[in-house]
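In: requesting a structural model of the entry that follows:
(2 chains)
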Amino acid sequence: MRVEAMNQLLRPKKLIVTTGLALGVLIIVMVACSLIGSEDISLRAALSNSGVAPGANPDHEILVRVRLPRIILACLVGAALACSGVVFQALLRNPLADPYILGISSGAGLGAIIAVVGGLNWTLWGRSPVAVFAFAGALGTVWLVWFIGRLTGKFHTTGLLLAGVVVNAFFSAVIMFLTSIAKSEQVYSTIFWLMGNMAEEDFLVLWIGAGCVIGGIAALFFISPQLNALSFGAEDAKSMGVNIVKTRTTAFAIAAGITAIAVSLSGLIGFVGLVVPHAVRLVFGSDHRLTVPLSGIIGAIFLVVADTLARTIIAPAQLPVGVVTAIVGGPVFLVLLVKHSRKIGWLK
Amino acid sequence: MSGIIEVRNLSFGYTAKSVVLKDICFAVPSGTFLAIVGPNGAGKSTLLNLMSGALKPRSGIITIDAAPIESYSAQRLAAKVAVVRQESVPIFGFSVAETVLMARTPYFGAAGFESQADRDIVKAALELTDTAAFASRPLTSLSSGERQRVFIARALAQNSPILLLDEPTSFLDLKHQVGIYDLLKAAQLEKGKTIVAVTHDINLACQYCDEALLLGTDNFHRHGPANEVLSAEQIKDVFDVQIFAGRVGQERFLMPLGRLAKDNRQINAKTGEFST
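Out: Now for the predicted structure:
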C-alpha cells in the first residue's frame, strides 16, 4: 500500500531547492536595494573602474563604502533576529515569544543607556561603548533570566517566561530612571538607539558578525529535528529519545548569542523576530529543518527592504528602521494570517 | 520474579513528607499486557512517570531489561520504552506523518534527515494504527480518537519492546475505546510488545489485560492476573463503591452503583450479586 503522506515529508532536495531560491531572491534584493538611495548610482559605472584611485569613481565609493556595508548589516541583523525568534517560540512553546522576550532588549537597553549617561567615549576593537555595553547587557540579562528560570524548576517554561517578564519590567524601570536624569542630547541619542537604527559599519565588524550569525544559524539547523520534537513538550521529546538538556541549552545559547550581536550592531529593531517566523510557518509549514534556514533568509530580505525604505522615504533624512519594520510588517503579517490561518495549529 | 520491567520496593512522594507510592513491588513479563487500576490520587500516573524515567524514585529501583532505568541515556531508553501521554498537542501545526516521523529523531543522519528504513517503520506504524488514510492532515484537524491513534502510531514507530500509556481511552466514545484496545492487543499479540496502560475502565482492563496492578489511596497495592486482582470485592474496597458483578460468556463485567441508583438495594453488598 502506498501512503501518499510519506511523499509530502520534507526531503533534502526540497530543502535545498527552497533555500536556494530564497537565497537567490535575497541576492537580487540586495543588488536592487544597493542601487536605490538619495544619490542615483549605476551598477555599471560602479563596477567599471573599481580599481582606480579613491575619489575618482563616486558611484563605486557610494556603493562600496556607504550602501553595501549597510545592506550587509541589515542582512545579518534580520537573519539573526528571525532565526532566534523561531527558536525562542519553539523552546518556550509560545507563539508570542520573540528574541526579546527573555529580557535581551531591556538588558541591552540598560547597557546602552549606562554607556550614554556615563559619557564614555573610548572604543574597543572599533566598537563604541554603547555597542559593547549593549552586548554585555544583553548576554548578562539572558544569563540572569536563565538562572532564575532554573531556580523555579528544571526548564519550566512558565517560570522562565515570568522571570523574563519581571527582569524586563525591572530593567525598563531603571532605563526610565536613567533617562529622566540624563541630559537632553543624551536622551535623544538613546531613544534613537532604542528605536533600532542602522549605520554604516566597518567591514571587519561586519565579517566577524556575519561569521558568528551564519555559524549560529548552521548550528541551529543541525538541532532543528530536536526542536520539532520539543514542540510537543519536553516530556514527550525526552521519551522520543531527544537529549533535551543538551538541545535546549545549545538552542538557547545560540539564539541569545546571535540576538545579542544583532542588538549591539543596530539597537532594538522590533517585529522581525516575531513576524518573520510566523510568516514562514504560515507558508512553508512547521518543520524546523525548513523554518530555521528560511526564516534567516527571509528575515534578511525583510530587513534589507525595510532599511532601504527607512533611508529613502524621507531622504535625505532617515527614519529609524524599527519604525519601518513595524509599519510594514504589521499589515503584511495580517494579510498572511487571514490567508493561511487554516494551516497552523495555535489559532484553534 | 523476573520480567522486562521490574519494580522493587519503589517509594515516591512529591514533597519530603507526602507518600504517594510505598514499597511497590511487581514485575512485568515480556509480552504481557498490564493494566494499572485505582482511584484518583492513588498514584497511577505517577507510577507510569517513574517507569518512563520522567520522575526519579525516592527509594527502590526500577529496571528495564535488567538494567536500572537511571543507567539509560534518553536515546537508549527511547529504544526500550515508548510513552503515550494524555492529549499532548504541539503549538505548531504538524501533519500526522510528520508527527509519527518524530519518533525516529534520534536515528536521523547528520544532515537531519531520516533513512529509508525509518520511513518504512513510519509507514508500518501508520498502517497498523489505521492512520495512513489521513496521514497528510494536520494533527489539529483530527478528532480525539484519531489523534490518540496517531500518538500510538508515534510510540510504535519508536520500535521499542515496551509501550506505556496513560489513560489512552479517557476522552473516547465506546467504539473508539474498543478500537484502541484492539489496536494495543494486536500490537501485543503480533509484535510481542509489552504493554502497560493506566486506565479507569475496569471492564476493558478485564477483557484485554493479562495482569493488573490495583493501587489504593492508602498505599495498598496488589498485583496478579487481571481476573483475580480485579474482583468485585477488591474493587469495592479500593474504590469504596457498591459494585454489581456479572458475567457474559468469558467476559466478566463490573458495574458501579451509587447510593441513589435504581437497583442499589437489590445488589448483595458482600458478593455483588443480583437478587430479586
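In: what residue is smack in the middle of chain A?
Out: Closest to where the C-alpha atoms of chain A average out (Cα atoms, centre = their mean) is residue A:81, at 1.4 Å.
In: for that residue, grab phi and psi.
Out: Per-residue torsions, residue A:81: phi -70, psi -40 (degrees, to the nearest 10).
In: show me where the stretch 151-276 of chain B has helices.
Out: Under the criterion DSSP state H, counting those that start in this stretch, the stretch 151-276 of chain B contains helices at B:174-191, B:202-208, B:226-229, B:232-239.
In: for the last one, buried residues please.
Out: By 16 or more other Cβ atoms under 10 Å in any protein chain shown, the buried positions in helix B:232-239 come out as B:232, B:234-236, B:238-239. Quick note: C-beta positions are derived from backbone N, CA and C, even for glycine.
In: list the contacts of it.
Out: The contact list for helix B:232-239, computed with Cβ atoms under 8 Å, 6 or more residues apart in numbering or on different chains, reads B:38-39, B:42, B:202, B:214-216, B:220, B:222, B:241-243, B:245, B:254, B:256, B:270-272.
In: those in strands, which ones?
Out: Among the contacts of helix B:232-239, the members falling in strands (DSSP state E) are B:214-215, B:222, B:242-243, B:245, B:254, B:256.
In: check which helix or strand whichever residue of chain B sits closest to chain A maps to.
Out: Here chain B gets closest to chain A at one residue, residue B:78, 2.9 Å apart by Cβ to the nearest Cβ. Using DSSP states H and E, residue B:78 sits in helix B:74-80.
In: mean pLDDT and distance to residue A:66 added to the helices of the stretch 151-276 of chain B, as JSON lines?
Out: Formatted as JSON lines, the helices of the stretch 151-276 of chain B follow (pLDDT from 0 to 100; distance: least, Cβ to Cβ, whole Å):
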{"stretch": "helix B:174-191", "mean pLDDT": "91", "distance to residue A:66": "66"}
{"stretch": "helix B:202-208", "mean pLDDT": "90", "distance to residue A:66": "74"}
{"stretch": "helix B:226-229", "mean pLDDT": "88", "distance to residue A:66": "80"}
{"stretch": "helix B:232-239", "mean pLDDT": "88", "distance to residue A:66": "79"}
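In: would you map the strands across chain A?
Out: With strands called from DSSP E, chain A shows none.
In: any stretches of it with poor pLDDT?
Out: For chain A, the stretches with pLDDT under 70 are A:1-3, A:46, A:49-56, A:120-127, A:154-155, A:339-348.
In: if we ignore the residues flanking it in sequence, what's nearest the residue in it positioned nearest to chain B?
Out: Using Cβ to the nearest Cβ, the closest approach of chain A to chain B is made by residue A:241 at 2.9 Å. In space, residue A:241 comes closest to residue B:78 once its chain neighbours are excluded; the distance is 2.9 Å by Cβ to Cβ, 6 or more residues apart in numbering or on different chains.
In: from memory the one you found sits against residue B:158, does it?
Out: Yes: with contacts counted by Cβ atoms under 8 Å, residue B:78 reaches residue B:158, the gap being 5.8 Å.
In: okay, and the common contacts of the two?
Out: A:240-241.
In: mind pulling the model confidence for the residue of chain B closest to chain A?
Out: pLDDT for residue B:78: 94.
In: for it, give me its contacts.
Out: Contacts of residue B:78 (Cβ under 8 Å, 6+ apart): A:239-241, B:106, B:158, B:160.
In: and of those, the nearest to residue B:72?
Out: residue A:241 (10.1 Å; Cβ to Cβ).
In: secondary structure class for the nearest residue to residue A:286 once chain neighbours are set aside?
Out: Leaving aside its chain neighbours, residue A:286 sits nearest to residue B:92 (3.7 Å; criterion: Cβ to Cβ, 6+ apart). Secondary structure, DSSP: H, G, I helix; E, B strand; the rest coil: residue B:92 is coil.
In: what's around residue B:92, how many residues?
Out: Neighbour count for residue B:92, taken as other Cβ atoms under 10 Å in any protein chain shown: 26.
In: that one contacts residue A:281, doesn't it?
Out: Yes: if you go by Cβ under 8 Å, residue B:92 and residue A:281 touch, sitting 6.3 Å apart.
In: chain B contacts on the stretch 1-150 of chain A?
Out: Residues of the stretch 1-150 of chain A lying close to chain B by Cβ under 8 Å from any Cβ of the partner chain are A:1, A:3-6, A:8-12, A:89-90, A:93-95.
In: about what we covered before: out of the contacts of helix B:232-239, which end up buried?
Out: Buried residues within the contacts of helix B:232-239, counting neighbours by 16+ other Cβ under 10 Å: B:38-39, B:42, B:202, B:214-216, B:222, B:242-243, B:245, B:254, B:272.
In: closest one of these to residue A:164?
Out: The closest of the buried ones among the contacts of helix B:232-239 to residue A:164 turns out to be residue B:42 (Cβ to Cβ; 37.6 Å).
In: residues contacting that closest one?
Out: Residue B:42 makes contacts with B:215-217, B:238, as judged by Cβ under 8 Å, 6+ apart.
In: mind doing that once more with 10 Å?
Out: B:20-21, B:36, B:214-221, B:238-239 (Cβ atoms under 10 Å, 6 or more residues apart in numbering or on different chains).
In: what's the closest non-adjacent residue to it?
Out: residue B:215 (4.0 Å).
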